[in-house]
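# based on what follows, work out the 3D shape:
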Amino acid sequence: MAIRNDRSLAPGLKTMPFTDRRTDGVLVTVEHTSSILVDNPLGDSATRRFPVWLPPQYDHGASQGKTGGKPRRFPVLYSLAGFFSSGSAHTNWHPFEENIAERVARLVRDRKMGPVIVVFPDCFTALGGNQYINSLAIGSYADYLTRELVPWIDREFRTLPAREHRGCFGKSSGGYGALIHAMKYPRTWGAIASHAGDAYFELCYLPGWPATLTELGRYRRPPRRVGLEAPPARLLAADRGADDGRVKRFLAAMRATPRLSFDEGHVLMNIAMAASYDPDPGAPNGFRLPFDLDTGELLPERWRRWQRHDPVRLIGRYRDALRSLRGLYLDCGWRDQYHMHYGTRILARELSAHGIVHRYEAFDGTHSGIDHRLDVSLPYLYKALKP
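So this is what the prediction gives:
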């Protein structure tokens, strides 16, 4: 991959030297300061640096195509990272496999798909990520992408600046983001691909909460003692789902340590989902939890707030937006450890029931190590978005 500080690529952009002989094309690192993310609730930086991959044709084929001699423009794909990840991780060196930029380059080089621009946004947060939606407890990341970043990329690079030539894809939380954006922002996206995207929350989220509640119990004050214990009091309506201090203490402990254990990582992820799906500016930390912290009882009124964001419950509401897509791709391994395969099957069934054209594939795999599925979805997206 030959990288140069070439201002003709995109005036004013900052580039970072990077070389990888296995990959064709140009990877530039850009810096963008958001006005939408300024003063976000978590205090995360509004200035983001992230990679953009440009195909070989971007430079040496500037006057090719049916453009009457005008510089050639290209479809654009946005890679939405999963939880605990960000755009830069998709272009890092990976042992024994390609990163996403290398994979796209090979697919273009082997003519499995045509040339595209690929954007790798940075939507990481202090809670480990987000779901690419607007949240009063995290920030307006849907608006950041659709109202700010997409128009900025269209100005700075030679994209085909229309939804018919713009798509997004992702795995896990990134797949969820692609699904939700297909439903709610059809004026921005013309095609999407979701790999093991979060869906059917009863199976992909609820099973992890008992361990989360137990881990948070370590931060209860006063701590539990061996012996007789008074039964927990019934919470007032205003206190149901509110933190009694243990979530705040957990978050403070996580910020003070350089690494998370496996269990702590899952606690942080569940907290981030609560902040995404049930923000409440009047509650401690700015959000509520779907369980009683002491008894572990599911709180129906809080859980309903989560269900409003579950893709399996939104297809009928957004069926017209989904029908307008030029491409909709779903897949999931049938051994997914977060049980995403069940939600994906429900999604496929509901899409069919509403007459929404889509492509659904299942394969023998888990939630991990499934980037090879991009060899199927990326050519599919290009075919849907090509001029």
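# tell me the SS of the closest residue to residue 104 other than its chain neighbours?
Leaving aside its chain neighbours, residue 104 sits nearest to residue 118 (5.6 Å; criterion: Cβ to Cβ, 6 or more residues apart in numbering). Bear in mind the C-beta positions are built from the backbone N, C-alpha and C, glycine included. Secondary structure, DSSP: H, G, I helix; E, B strand; the rest coil: residue 118 is strand.
# can you check the one 5 residues further on too?
Following three-state DSSP, we place residue 123 in the coil state.
# and the pLDDT for it?
For residue 123, the pLDDT comes out at 97.
# just give the number of residues close to it.
Using other Cβ atoms under 10 Å, residue 123 has 27 neighbouring residues.
# then residue 303?
There are 18 residues near residue 303, going by other Cβ under 10 Å.
# hmm, residue 290 and it touching each other?
Yes. Using Cβ atoms under 8 Å, residue 303 is in contact with residue 290, at 4.8 Å.
# show me the domain layout of this protein.
Using automatic domain parsing, the domains assigned to the chain come out as 26-199+311-385, 203-307.
# could you identify which of the ones you listed is most buried?
Most buried of these by mean neighbour count (mean count of other Cβ atoms under 10 Å) is domain 26-199+311-385; its value is a mean of 20.
# end-to-end on that domain?
Using Cα to Cα, to the nearest Å, the end-to-end distance of domain 26-199+311-385 comes out at 21 Å.
# ok now that domain, how far from the chain's centre?
8 Å (Cα atoms, centre = their mean, to the nearest Å).
# then stretch 279-294?
The answer for stretch 279-294 is 23 Å, by Cα atoms, centre = their mean.
# what sits closest to residue 332 if chain neighbours are left out?
Nearest non-adjacent residue to residue 332, counting by Cβ to Cβ, 6+ apart: residue 344, 4.0 Å away.
# give me the mean pLDDT for the helix or strand encompassing that neighbour.
Element membership for residue 344 (DSSP states H and E) is helix 340-353. Taken as a whole, helix 340-353 has a mean pLDDT of 98.
# with just CA atoms, put it into CSV.
Extracted in CSV, the C-alpha atoms of helix 340-353 (Å, rounded to 0.1, in the frame of the first residue of the first chain):
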residue,chain,number,x,y,z
MET,A,340,-27.5,-13.7,17.7
HIS,A,341,-28.5,-16.4,15.3
TYR,A,342,-31.9,-16.6,16.8
GLY,A,343,-32.6,-12.9,16.3
THR,A,344,-31.2,-13.0,12.8
ARG,A,345,-33.6,-15.8,11.9
ILE,A,346,-36.5,-13.8,13.3
LEU,A,347,-35.4,-10.8,11.3
ALA,A,348,-35.3,-12.8,8.1
ARG,A,349,-38.7,-14.2,8.8
GLU,A,350,-40.2,-10.8,9.5
LEU,A,351,-38.6,-9.3,6.4
SER,A,352,-40.1,-12.0,4.3
ALA,A,353,-43.5,-11.6,5.9
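# where does pLDDT dip in the stretch 101-250 of the chain?
The model of the stretch 101-250 of the chain has no residue with pLDDT under 70.
# all helices for this structure, in order.
Here the chain has its helices, by DSSP state H, at 56-60, 100-109, 141-143, 150-156, 173-184, 201-204, 209-216, 246-256, 262-277, 300-307, 319-323, 340-353, 374-385.
# check which helices and strands the third one sits against.
In terms of contacts (3 or more Cβ pairs under 8 Å, 6 or more residues apart in numbering; DSSP states H and E), helix 141-143 is packed against strand 134-135, helix 173-184.
# for residue 278, which of those is the nearest?
Between residue 278 and the helices and strands packed on helix 141-143, the tightest spacing by Cβ to Cβ is seen for strand 134-135, at 9.2 Å.
# helices or strands up against that closest one?
Going by 3+ Cβ pairs under 8 Å, 6+ apart, strand 134-135 lies up against helix 141-143, helix 262-277.
# what sits against residue 364?
Residues near residue 364 by Cβ atoms under 8 Å, 6 or more residues apart in numbering: 333-335.
# out of those, which are inside strands?
Judged by DSSP state E, these include residue 333 as members of strands.
# hmm, back to that, and for the helix holding residue 344, what's in contact with it?
For helix 340-353, the external contacting residues (Cβ under 8 Å, 6+ apart) are 172, 179, 194, 196-201, 203-204, 311-312, 315-316, 322, 328, 330-335, 358, 360, 362, 367.
# now swap in stretch 303-311 and tell me
By Cβ under 8 Å, 6+ apart, stretch 303-311 touches 131, 133, 176, 179-180, 183, 197-201, 205, 273, 276-278, 288, 290, 313, 343, 347.
# hmm, try it at 6 Å
By Cβ atoms under 6 Å, 6 or more residues apart in numbering, the surrounding residues in contact with stretch 303-311 are 179, 199, 201, 277-278, 290, 313.
# what about that stretch, distance to the chain center?
From the chain centre to the centre of stretch 303-311 is a distance of 17 Å (Cα atoms, centre = their mean).
# now do it, average pLDDT.
On average, stretch 303-311 scores 98.
# dump the C-alpha coordinates for it into CSV.
Output of stretch 303-311 as CSV, limited to C-alpha atoms (Å, rounded to 0.1, in the frame of the first residue of the first chain):
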residue,chain,number,x,y,z
TRP,A,303,-37.4,-3.5,29.8
ARG,A,304,-40.0,-2.0,27.5
ARG,A,305,-37.7,0.9,26.9
TRP,A,306,-35.1,-1.6,25.6
GLN,A,307,-37.6,-3.4,23.4
ARG,A,308,-38.4,-0.2,21.5
HIS,A,309,-34.9,-0.4,20.1
ASP,A,310,-35.0,-4.1,19.2
PRO,A,311,-34.8,-4.6,15.4
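# could you dump the helices of the chain to a markdown table with distance to residue 90?
Shown next, in a markdown table, are the helices of the chain (distance: least, Cβ to Cβ, whole Å):
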| stretch | distance to residue 90 |
| --- | --- |
| helix 56-60 | 19 |
| helix 100-109 | 4 |
| helix 141-143 | 17 |
| helix 150-156 | 16 |
| helix 173-184 | 9 |
| helix 201-204 | 22 |
| helix 209-216 | 28 |
| helix 246-256 | 24 |
| helix 262-277 | 19 |
| helix 300-307 | 28 |
| helix 319-323 | 26 |
| helix 340-353 | 19 |
| helix 374-385 | 10 |
